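Q: When you get a sec, could you give me coordinates for this:
(2 chains)
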There are 2 protein chains.
Amino acid sequence: MPARQMKLGAFFLTPGSHSAGWRHRDAIPETDMSFAHYIAAAQVAERGKLDCIFFQDTAALNGSGDLDGTGPWRPRTGRQVYPEPATLIAALAPMTKHIGLVATATTTYGEPYTLARRFGSVDHISGGRAGWNLVTSQIEDEAGNFGHDRHPDHALRYERAEEFFDVVTGLWDSFEDDAFPRDKETGQFLDPSKGHILNHEGKHFRVRGPLNLPRCPQGRPVIAQAGSSEVGKRLASRCADMIFTAQSVLSEGQEFYADVRARAVAHGRAADDVKIMPGFMAITGPTEAAARQTYEELQALIDDTTAMKLLARLCGDLNIYDHPIDGPLPPLPPSNAAKARQQHLVEKAAREGLSIRQMARYLGTSLGHQMVVGSPTQVADVMQAWFESGACDGFMLLFPFYTKPLEDFVELVIPELQRRGLFRTEYEGTTLRENLGIPVPRNRFAPR
Amino acid sequence: MPARQMKLGAFFLTPGSHSAGWRHRDAIPETDMSFAHYIAAAQVAERGKLDCIFFQDTAALNGSGDLDGTGPWRPRTGRQVYPEPATLIAALAPMTKHIGLVATATTTYGEPYTLARRFGSVDHISGGRAGWNLVTSQIEDEAGNFGHDRHPDHALRYERAEEFFDVVTGLWDSFEDDAFPRDKETGQFLDPSKGHILNHEGKHFRVRGPLNLPRCPQGRPVIAQAGSSEVGKRLASRCADMIFTAQSVLSEGQEFYADVRARAVAHGRAADDVKIMPGFMAITGPTEAAARQTYEELQALIDDTTAMKLLARLCGDLNIYDHPIDGPLPPLPPSNAAKARQQHLVEKAAREGLSIRQMARYLGTSLGHQMVVGSPTQVADVMQAWFESGACDGFMLLFPFYTKPLEDFVELVIPELQRRGLFRTEYEGTTLRENLGIPVPRNRFAPR
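A: Below you'll find the model as predicted:
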């Protein structure tokens, strides 16, 4: 039996996950909108045999709430515009062969029927490489684009998300695998006994079905989820195939890993069917010194005003600007934003005695995810330690800018992981599920 | 000055616009779901220098209302499943270079912000080749997939469609062309003076904006529209760049052409900025005899039960099965379905004295669009006559099945049109607007 190997995804938050990364001399800030650069980056990731590329999404100009017409919309940060990711992964499908294509889409707005069609279509077009990162809306700017003043409450968003998931996956089961004989001789295009009407009637949705799409190559696209709050973990352990989480302390990672796997088992799933992948930013180079230099260059570009906005957004009703920037992070009131991330911040600040400015810079550097600055060996050491001590199944890789840090990772760290037997040298299968080593779900309507 | 030339689109209704076309020996019925076949077909159309490929859409399994679990869902007809078209055109973008990519999406359900992002993203990804065919939902099966028992009334659907258009085009103007300097030196990523918040508040939508997407390569994607009812013509003449219509009698075509152009002028537009393209099905071959043979083969495959369902759907509350199939078409009561198509049927039946069966077969053959069976010369003659007598700017080509009739058209009819100087031999520009010869709309927020 082959040894257990890591699963790796490349997280795309163009033009960089580092708030000032786009200003680095090696950065290409146009990566946010340039399709040619997305193709190049996807092909680099595929050369590195990564499991998937993974696109974040916000259905708004993040930060537009700073003003109405007068002030700056975070004019110094990128991460503002990019192609809608479910559209982008469709376009990347024919330009790649093996790599999984995961896009984020909210469940707080929009219709499950439409989402099921779109992600199901990408799965068909890509031959079984689609993934849907199921999120609830958090950035308040989104609400105004969908006729609301504020998002529904956190608990209600998760309740809707769970029902949204049930409808979408139900629609994906509309047809059994062999429902379309398309038989010219008999004239039978569709075998109606293999088609099923969902007739979902719930609190948030009433959806009849069937979906006008055959069953997907993967049965259904891979479901990713990132919720780390109590209600988020409940949703993820029931629904997700892949969990993008945010632990940066090993013991926290181990605790989260054990907790979510136990929850999955309680939902009747196999623990190994949920792949837990914390975010991980490697700043590397041929030597430790080269890596350190890149890191120092990046830190010198950070603009505290921009970084403070990232922090302010996670502070709920507390006005962080009322507190001295070099003083300690005050207790944060309950917020309607990302609960688990908020808690992570408070704990980190307390544990490490960080000031408000330091917390802001921490967020501005790696969005609160683990970061390692070092040689390929040093980077691989940390990854191996986490992977072999029950803290994760792999990592979701963040990049401070594009595309050099991704190239560095593929050229320097991947071979080191492969030498250690920790990562594949060839794709195992043709679908994302096959590469992740997770099963095709049974069609709920099919006879056992 | 070069002579005026036709604009041609290829309408895709896989596996065929003819209700039994998929059963023809040359048909590939898997064209409905096979991405490889979509690529091949798009590339054939591009080899023929067509302006665009054009995908229909229904957000439901069309005909699912025939039953709930027991009867057949039109099991003998194709046109049931296909990739969601806005996703499909994104995937076709990197596999084509010149041809326009037009997808249908309803305004009756869904959110303008999401639609603006998706079609805008395709425009960016394709370098300015996207088009949106703006429709209102007509097939009643759709309502149940979006929490409704029936569609809103015809008038209300059009009212919503018009506001939907206003919001989407307003969002596409969120940024002026040069809003993103992405200047590493100054640190200015976005120039906030070039960004605009829409703040739309209307009867159907409240949408703040801005869209999180730079202005499109085409300013905005090309807008197509197919409404031919009174209210449909009003919408099309105000909003559409390209009108896919359904006239099969020359005088009707001339009347429609003059009417819509005059309406466009009344809206302050140039008459030539609206391209009017009636549907046109050519069944052709090297000789007239070969074309006739294909036609006879196709007609022999028509199944009256299936064809009658197409007719029944356009009959509103009248149960067509209560009338003798070889008797005359009775007067049709007002319906919530496609009004203009219904009227076209009634007039055609009266004019030509067609029976119910004949009308059903007519619909089953070309969906009620003009059809010509003949040699390439004969086909070109009809097209030329329409084009040169003020009845159209070109045609939207329908195909009874895929992909041979498309190949035949490109190999046999296109060269004949080119010989006559009626069609381009090279693309004029790089965007769909440039090839159609229509202007980039001014950004409503930009200083004049």
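
Q: Poorly predicted segments of chain A, please.
A: Along chain A, the parts satisfying pLDDT under 70 run over A:1-2, A:65-79, A:334-340.

Q: Helices of that one, start to end?
A: Ranges of helices in chain A, per DSSP state H, are A:35-47, A:85-92, A:112-125, A:154-172, A:230-239, A:250-266, A:288-301, A:304-313, A:339-352, A:356-366, A:376-388, A:404-408, A:414-419, A:432-436.

Q: could I get those as a markdown table with distance to chain B and mean neighbour count?
A: Quick note: C-beta positions are derived from backbone N, CA and C, even for glycine. Formatted as a markdown table, the helices of chain A follow (distance: least, CB to the nearest CB, whole Å; neighbours: other CB atoms under 10 Å in any protein chain shown):
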| stretch | distance to chain B | mean neighbour count |
| --- | --- | --- |
| helix A:35-47 | 5 | 20 |
| helix A:85-92 | 4 | 28 |
| helix A:112-125 | 4 | 28 |
| helix A:154-172 | 9 | 21 |
| helix A:230-239 | 21 | 20 |
| helix A:250-266 | 30 | 17 |
| helix A:288-301 | 8 | 16 |
| helix A:304-313 | 9 | 19 |
| helix A:339-352 | 21 | 16 |
| helix A:356-366 | 13 | 22 |
| helix A:376-388 | 27 | 19 |
| helix A:404-408 | 14 | 21 |
| helix A:414-419 | 26 | 18 |
| helix A:432-436 | 16 | 23 |
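
Q: For residue B:363, which of these is the nearest?
A: The closest of these to residue B:363 is helix A:112-125. By CB to CB, the value is 26.2 Å.

Q: elements contacting that closest one?
A: Contacts defined by 3 or more CB pairs under 8 Å, 6 or more residues apart in numbering or on different chains; DSSP states H and E place helix A:112-125 against helix A:85-92, strand A:100-106, strand A:130-135, helix A:154-172, helix B:85-92.

Q: Now find how far off-centre the first one is within its chain.
A: Mean C-alpha position of helix A:85-92 versus that of the full chain (CA atoms, centre = their mean, to the nearest Å) differs by 15 Å.

Q: tilt between it and strand A:100-106?
A: For helix A:85-92 against strand A:100-106, the angle by axes from the mean of the first three to the mean of the last three CA atoms, to 10 degrees is 160 degrees.

Q: contacts for helix A:85-92?
A: Contacts to helix A:85-92, defined as CB atoms under 8 Å, 6 or more residues apart in numbering or on different chains, come from residues A:35, A:38-39, A:42, A:53, A:55-57, A:82-83, A:101-105, A:118-119, A:121-122, A:125-126, A:130, B:86-88, B:90-91, B:93-94, B:117-118, B:121-122, B:125.

Q: okay, that helix in CSV with CA atoms only?
A: Extracted in CSV, the C-alpha atoms of helix A:85-92 (Å, rounded to 0.1, in the frame of the first residue of the first chain):
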residue,chain,number,x,y,z
PRO,A,85,-14.7,32.5,-10.6
ALA,A,86,-17.2,29.9,-11.7
THR,A,87,-16.9,31.5,-15.2
LEU,A,88,-13.2,31.6,-14.9
ILE,A,89,-12.8,27.9,-14.0
ALA,A,90,-15.0,27.0,-17.0
ALA,A,91,-12.6,28.9,-19.3
LEU,A,92,-9.6,27.3,-17.7
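
Q: Next, the angle helix B:112-125 makes with that helix.
A: Using the same axes, to 10 degrees: helix A:85-92 against helix B:112-125 is 30 degrees.

Q: Is it correct that residue A:144 is in contact with residue B:210?
A: No: at 10.4 Å, residue A:144 does not count as touching residue B:210 under the criterion of CB atoms under 8 Å.

Q: Who has more neighbours out of the two?
A: Shown here are residue A:144 and residue B:210; by other CB atoms under 10 Å in any protein chain shown, residue B:210 has more neighbours (25 against 21).

Q: list the contacts for the more buried one?
A: By CB under 8 Å, 6+ apart, residue B:210 lies in contact with A:61, A:64, B:171, B:174-175, B:195-198.

Q: now residue A:151
A: If you count contacts by CB under 8 Å, 6+ apart, residue A:151 has them with A:108, A:137-138, A:140, A:142-143, A:157, A:336.

Q: of all the residues you listed, which comes closest to residue A:301?
A: Closest approach to residue A:301 among the contacts of residue A:151 (CB to CB): residue A:138, at 26.2 Å.

Q: Can you pull the phi and psi angles for the residue in the stretch 301-448 of chain A that chain B sits nearest to?
A: Per CB to the nearest CB, residue A:303 is where the stretch 301-448 of chain A lies closest to chain B, at 6.7 Å. Main-chain torsions, residue A:303, degrees, to the nearest 10: phi -110, psi 120.

Q: So what's the residue count around the residue of the stretch 151-300 of chain A found nearest chain B?
A: Closest residue of the stretch 151-300 of chain A to chain B, CB to the nearest CB: residue A:208 (3.3 Å). Burial measure for residue A:208: 25 neighbouring residues, criterion other CB under 10 Å.

Q: how close does it get to residue B:59?
A: Separation of residue A:208 from residue B:59 (CB to CB, to the nearest Å) stands at 11 Å.

Q: any residues in contact with both of these two?
A: residue B:145.

Q: Give me the sheet partners of the strand of greatest length in chain A and which way each runs.
A: Using DSSP state E, we find that the single longest strand of chain A is strand A:275-283. Paired strands of strand A:275-283, with direction, are strand A:242-245 (parallel), strand A:370-373 (parallel), strand A:394-398 (parallel) (DSSP bridges).

Q: Just want the angle from that strand to helix A:288-301.
A: Using the same axes, to 10 degrees: strand A:275-283 against helix A:288-301 is 90 degrees.

Q: picking that back up, looking at the helices of chain A, which is closest to residue A:184?
A: Taking CB to CB, helix A:112-125 is the member of those nearest to residue A:184, at 21.9 Å.

Q: now the angle from the closest one to strand A:130-135?
A: Here helix A:112-125 runs at an angle of 150 degrees relative to strand A:130-135 (the same axes, to 10 degrees).
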